[in-house]
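**Student:** below: sequence and its predicted model.
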Amino acid sequence: MVTEIAPITFEYSHTIGRQENRSGSGFFYPIAITRDEENQLYVLNRGSETPAFFPCKRVTVFTVDEELVREFGTKVHPEEADASAPDGTFMWPTAIALDKAGNAYVADEWLNRISVFDKDGECVAKWGTLGDGDGEINRPSGLAFDADDNLYLVDSVNHRVQVFTKEGRFISKFGRFGTGDGEFDHPWGIEIDGNGDVYVADWRNDRIQKFDRDGRFLMKFGTSGQGDGEFNRPTGVAVDKDGIIYVTDFKNDRLQVFHADGAFITTLTGEATLSKWGRERVNLDPSMVRGRERAQGLIEKEKLFHGPIAVDVDDEGRIFVVECSRQRLQIFRKQTANFSGGPL
Amino acid sequence: MGDKDIALMAHLMRRAGFGAQYEELEARAGKGYEETVEELLHPENNSNRMDLDLGERYFIEWNHFIRCVPEYTAFRMINSYSQLQEKMMLFWHGILCTADSKTQSYVTSHAELEMLRLKGMGSFKDLLVEISKDPAMLYFLDNCLSHKGAINENYGRELLELFSMGVGMDGNFNYTEDDVKECARAFTGWTISNGIPGQPYGRYPASFAYNPDDHDDEEKTFLGHTGNFNGEDVIDIICQQPATARFISRHFYDYFVADEAQVPSWMDTPPRDPETIKMLEDEYFRSNYDIRSMLRVLFNSDAFKNARFARIKGPIETVIGTLRLVGDWTTPKPGFEAIFEEMKHMGQEILNPPSVEGWHTGKEWIDGGTLVRRINFIADHVGDVSFPGIQDIVQKLASEGPTISPQGLVDGCLKLLGHYELTDENHQSLVEHARKSGVSSTDAQEFPKHVSEMLQMIVATKEYLYA
């Protein structure tokens, strides 16, 4: 008999971010994340409902070492938030994904359109029509490219996933409203693993569903609750190269980790520390420095996830967790001690 | 179920809520008046029928309430089926006042409003204890700066003057300056923990802390009682006072029944309706300071039922009531900021009462600027036939028959707005106007516009200022 033990632990690495309402190093209600081939991180900021902060920047590009690279996109005023909204503007952006050429696709669930930006941040295309027919969308809330550069789009109010070419031509769809296998209730995040299988955060059904590339149901896990393996409105899902599944359990303020078969592994509740950008901001104001020194319970409170909303993983075993309410992401590193043994 | 039942229900929902569409009035009236009162009094037994998870999905800032708290507060007032819970939150928010302009922490203010929702219909004594521990209040009225041997009287004074007893009653002072000082001494040590600065990750809710080393545990004499009082002891004594019963009863009367004199004059100005005030005072003591019991007695009284259109709607009531009537903001969408601007320009900004005294009410809501703002806002909304609530009114009127008389149009609109009543002169003017327009066919293309114009004229009357 051979025993295999593969304990998985997670080591906190560091925190990136700070509250930055308009532009610059930091975030303002970050909602989605992706990475490019150079491992630069793209964080999509939802921004505020308060026009005083408009036009706050929307996509922040930066390195894992917290160096700002660039930013692009702006928020449009509510009075202009309709089909005539200028190219490159957003109202309620929800998701971001990169194609093989490095173009960024950003979904907006109010304007019901996908905006395409080149590597320089110029808006080069847009598409999307409100509706429930094939190729029409209603509040897109998750984006992921497959290996063939086809775009899987979570069409949340239509409770389905639609697949498009990157030019926006409809290819296929799967899912409908309901609680059964392959049915959704306001799905949100989406991930495609190395095999081309598709994972969807079935938000209001409090579960994760897995499909093959053609939309055939494969498995599901999770139910409503606060216990291990239970969810309260899961938003984001990511899968690493070993098949380990990470889920942002939004309203439970935690990240849950599962084996490839959906078996629960562990929960992370946050280990945030002062980020580089955060330290720079605090050091500008001596009263802020003193305030942090005398604050009671700072370490215990500040480390916790508040609104973990999106997650991504890279091939180096790093996990990036985006917290919308704390304007930051926390980075962890997976540690696996593989042990295989048998009879002597 | 006749028009009288629905008219009474419309009255109840204007006062115990922010108004309701006619269909809701019919449904609630169908349950019965007293049954509806009980339902309103017990939000814990009923779903508020709001999809707040969807709200939070679209208004991401609702997550942990670090921002967007006024939006959330307004959204609940518009959409909660538990209307009285929201109305009581607003009631206490206007009496047990804190202002975000000083506290600068939405997340802490939100915690306070949640407490008011939870405790606002329970024991008044418990509510006073909770507000005395409330971090926003401890900061707003400087109790965190009040120390053993060096008291800050601010909270002790306002607790007596504005939160519970009032300066005086029936021409006599209710307490002395010494009572204020002794009250402040009792609350020394009630403070907040050192908070986390807003940078770099945003604010965290402040939390109550009791520091026994900073509490003055020496003997105190307060309102004729002597002992080593702490804050709870002082509140217990306050709740025993006839002045407290009077103070709370007059506030209830002003908010739910009819415009009263303003609070600063209550020492010398007798209640408008002493009999009803006495009834509420008696229930206050009989129920051991239970707010829910007082409200039950009030809503089921003839004094309440007969007090139609006896108080001027406040700005928040006006804006929220209009949005409920037309069916706007039933789901989140961009642009909520403009709604706050309306309330603010009409004179009432959520989370920012003008002082610890709260908002003055009644005719003080109205001046040339606020009146124009108010009428324009309502008229713009009821004049927009794209709103579902206005479409419902048009359809209901059309369903009455192929034609409608000028008087039928006026009376139908008044009824569907919630059984409003006009003076004979205004009523006749509107009938004349309807006659001149010449539209009588309910399937005419211009009928919806004809209805919406009549609604606009009604909401511009003096009578519509009242609830």
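**Tutor:** Received it, and whenever you're ready, just let me know what you need.
**Student:** in the beta-sheet assignment, what are the partners of the residue most central in space within chain A?
**Tutor:** Geometric centre of chain A, nearest residue: A:Ala310, 2.8 Å, by C-alpha atoms, centre = their mean. The residues listed as beta-bridge partners of A:Ala310 by DSSP bridges are A:Val322.
**Student:** show me where the stretch 301-450 of chain B has its helices.
**Tutor:** Taking DSSP state H, counting those that start in this stretch as the test, the helices found in the stretch 301-450 of chain B are B:302-305, B:315-326, B:337-346, B:368-382, B:388-398, B:406-416, B:424-437, B:447-459.
**Student:** so which bits of the longest one are buried?
**Tutor:** Going back to what we said before, that points to helix B:368-382. For helix B:368-382, burial by neighbour count (16 or more other C-beta atoms under 10 Å in any protein chain shown) applies to B:Thr370, B:Arg373, B:Arg374, B:Ile375, B:Phe377, B:Ile378, B:Ala379, B:His381, B:Val382. Quick note: C-beta positions are derived from backbone N, CA and C, even for glycine.
**Student:** with the fifth one instead?
**Tutor:** For helix B:388-398, the neighbour count (16+ other C-beta under 10 Å) marks B:Gly389, B:Ile390, B:Gln391, B:Asp392, B:Ile393, B:Val394, B:Leu397, B:Ala398 as buried.
**Student:** kindly report the same for stretch A:238-245.
**Tutor:** Buried, per 16+ other C-beta under 10 Å, within stretch A:238-245: A:Ala238, A:Val239, A:Asp240, A:Ile244, A:Ile245.
**Student:** ok so, going back, return the residues in contact with the residue nearest to the centre of chain A.
**Tutor:** Residues in contact with A:Ala310, defined by C-beta atoms under 8 Å, 6 or more residues apart in numbering or on different chains, are A:Pro30, A:Ile31, A:Ala32, A:Ile33, A:Gly189, A:Thr235, A:Gly236, A:Thr248, A:Val321, A:Val322.
**Student:** need the pLDDT of it.
**Tutor:** Here the pLDDT value assigned to A:Ala310 is 98.
**Student:** if I look at it, how far off is B:Glu161?
**Tutor:** 50 Å (C-beta to C-beta, to the nearest Å).
**Student:** quick one, what contacts the closest residue to B:Asn45 other than its chain neighbours?
**Tutor:** Among residues not flanking B:Asn45 along the chain, B:Glu39 sits closest, at 7.6 Å (C-beta to C-beta, 6 or more residues apart in numbering or on different chains). B:Glu39 makes contact with B:Lys31, B:Asn45, B:Asn46, according to C-beta under 8 Å, 6+ apart.
**Student:** did I read that right, B:Glu39 in a strand?
**Tutor:** No. Counting by DSSP: H, G, I helix; E, B strand; the rest coil, B:Glu39 is not found in a strand; it is helix.
**Student:** and it, how far is that from B:Gln83?
**Tutor:** 10 Å.
**Student:** could you do B:Met121 as well?
**Tutor:** As for B:Met121, its distance to B:Gln83 is 12 Å (criterion: C-beta to C-beta).
**Student:** again, but for A:Ala97
**Tutor:** For A:Ala97, the distance to B:Gln83 - C-beta to C-beta - is 43 Å.
**Student:** where does residue 72 fall, secondary structure wise?
**Tutor:** The chain I'm using is chain A. strand A:68-75 (DSSP states H and E).
**Student:** chain B is the one I meant
**Tutor:** Judged by DSSP H and E, B:Tyr72 forms part of helix B:69-79.
**Student:** all strands of chain B, in order?
**Tutor:** With DSSP state E as the criterion, chain B has strands at B:168-169, B:172-173, B:190-192, B:208-210, B:220-222, B:225-227.
**Student:** what's in contact with stretch B:212-228?
**Tutor:** B:147-149, B:151, B:175, B:178-179, B:182-183, B:185-186, B:188-191, B:229-230, B:233-234, B:237-238, B:241.
**Student:** before we move on, back to that, now find how far off-centre the strand holding A:Phe72 is within its chain.
**Tutor:** Chain-centre distance of strand A:68-75: 17 Å, with C-alpha atoms, centre = their mean, to the nearest Å.
**Student:** give me the mean pLDDT for that strand.
**Tutor:** 96.
**Student:** which residues does stretch B:117-129 contact?
**Tutor:** Contacts for stretch B:117-129 (C-beta under 8 Å, 6+ apart): B:41, B:43, B:84-86, B:88-89, B:91-92, B:96, B:130, B:159, B:163-164, B:231-232, B:235-236, B:238-239, B:244, B:248, B:284, B:288-292, B:295.
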